[in-house]
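1. I need the structure of the sequence given here:
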Amino acid sequence: MAYYIYPNSIPANDCKQYLEHCLDNVVFENSNDINRGLVDCFNKNIYTHNPEITDDPMIRKTSVGYIDTEHDPLNSIIWGYIRHANKQFFKYDLGSFQAIQFAKYQDGGFYPWHQDTLRTTKKQNTRKLSLTLTLSDEISYDGGLFQFYNGGGPVSDSSKLLSKKIKQVGTVIVFDSRDWHRVTPVTKGVRYSIVCWTVGPNFV
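-> Okay, here's the model as predicted:
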C-alpha cells in the first residue's frame with residue numbers, strides 16, 4: 001500500500017461546518033441507501049465490475065451525492081491535500097480532479113474490499129490518487145473503519161492504529177487508487193465522509 005496521512009489536520013469545528021455544508025447542498029442520488037455506481041470489489045468470493053448489479057446491498061450499502069461545481073469552497077481545500085501529497089510523496093502525472101463524493105453510512109452501511117481505479121486501456125486516463133476524510137466525530141458512530149487489505153491475514157496492530165487514526169475527525173489520507181481497501185459495517189450512528197479522486201495518464 002502507498003499512502004500519505006495528515007492526522008487531525010482539519011479542526012473539528014471546520015469539519016462540522018463542512019458536514020453542514022454538504023448536508024445543505026448535496027442531494028443523495030439514491031433513496032434506498034444503496035449506491036448505484038461502478039464498483040470493482042470482491043467480498044465473499046464475489047468479484048464484479050458490472051454496474052447492473054451494484055444496487056445489491058451485498059455489494060455495497062452507501063448513500064452518495066456529489067459536489068460537482070468547481071467553485072464550491074470545499075474543492076480547493078480537498079484538492080490541495082492531494083496536490084501536496086503528490087508533490088511530497090507520489091509524484092504521479094496527474095491530469096484532473098473528479099467531483100467530490102459525499103457519502104453516508106448507517107444501519108450496517110459498508111463498502112467491501114475494492115479498488116478505486118477503473119479498468120481502462122493504455123490510452124485512457126485512470127484514477128491515480130484517492131482521498132478520504134471522515135467528517136463525523138469518531139465517538140458518534142461504531143464500526144465504519146477504513147482499512148487497507150493486508151492479504152487476508154489477521155489485522156496487525158499497525159493496521160488497527162492506522163484505522164483508528166483515519167477514524168479521527170479531521171484526519172485526511174491520500175492513497176494510491178490501486179490499493180485494495182474497505183469500510184467495515186457501521187453498527188451504530190452515522191458515518192459521513194468525503195472522497196475525492198484524481199485522474200491522469202494510465203500507468204504503463
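2. Tell me where this protein has strands.
-> Assigned by DSSP state E, the strands in the chain fall at 3-6, 41-43, 46-48, 63-67, 96-97, 100-106, 111-114, 125-134, 141-143, 146-148, 172-176, 181-183, 186-201.
3. shaky segments in the protein?
-> 30-58, 119-122 (pLDDT under 70).
4. Please repeat the previous calculation with a cut-off of 50.
-> Where the chain drops to pLDDT under 50, the residues are 31-54.
5. shouldn't residue 168 be in contact with residue 9?
-> No. Using CB atoms under 8 Å, residue 168 is not in contact with residue 9, being 10.0 Å away. Bear in mind the C-beta positions are built from the backbone N, C-alpha and C, glycine included.
6. and for the two, which residues touch both?
-> Common contact partners of residue 168 and residue 9 (CB atoms under 8 Å, 6 or more residues apart in numbering): none.
7. rewinding a little: now tabulate the strands of the chain in TSV and tack on distance to residue 28 and mean neighbour count.
-> Formatted as TSV, those follow (distance: least, CB to CB, whole Å; neighbours: other CB atoms under 10 Å):
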stretch	distance to residue 28	mean neighbour count
strand 3-6	27	17
strand 41-43	21	16
strand 46-48	22	14
strand 63-67	5	19
strand 96-97	21	14
strand 100-106	7	23
strand 111-114	15	20
strand 125-134	18	23
strand 141-143	18	17
strand 146-148	20	19
strand 172-176	23	23
strand 181-183	17	22
strand 186-201	11	20
